[in-house]
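Novice: everything below, folded, please.
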Amino acid sequence: MKDKLMAVGVEYDEVLKRFMGKEDFYLRMLKKFLDDKNYGELKRAVEDRNWKDAFTYAHTVKGLCGNLGLGSIMEYASPLTEELRSEPYDEECILNHMRHVSKAYEKTVEVIKSL
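Specialist: Numbering: from 1, shown residues only. Now for the predicted structure:
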């Protein structure tokens, strides 16, 4: 489990400290992450060019991933969130960040499902 998670940017030992060393609890939280709807809403808001809603969802995804130590998603969700924070919006930049978030998200979800 540790190696798989580290392959998607999880600093495993650090994140496990947040969960008081309880690997089973951390795994349960990762599985609950799979049910979270914020990423889907983020994708929809970006597709619709609804930048204000996209900011809200990007910020939430960033926070969830930060709490769970999902580093590969965080690496791209953070700059996406900052790009969406204020106008004027750079659509090309936003879409580029979103492509990276999507790749990282899909890879991370695949790993979580395999645990």
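Novice: tell me what the lengthiest helix in the chain is packed against?
Specialist: Secondary structure of the chain per DSSP state H: the longest helix is helix 91-114. Here helix 91-114 touches helix 2-6, helix 23-33, helix 38-47, helix 51-68, helix 71-84, going by 3 or more Cβ pairs under 8 Å, 6 or more residues apart in numbering; DSSP states H and E. Every residue, glycine included, has its C-beta placed from N, CA and C.
Novice: for residue 110, find the nearest of the ones you listed.
Specialist: Closest of the helices and strands packed on helix 91-114 to residue 110 is helix 2-6, at 9.7 Å (criterion: Cβ to Cβ).
Novice: and the contacts of that closest one?
Specialist: Under the criterion Cβ atoms under 8 Å, 6 or more residues apart in numbering, residues 12, 111, 114, 115 lie in contact with helix 2-6.
Novice: residue farthest from the centroid of the chain?
Specialist: Seen from the C-alpha centroid of the chain, the residue lying at the greatest distance (Cα atoms, centre = their mean) is residue 88, 24.0 Å away.
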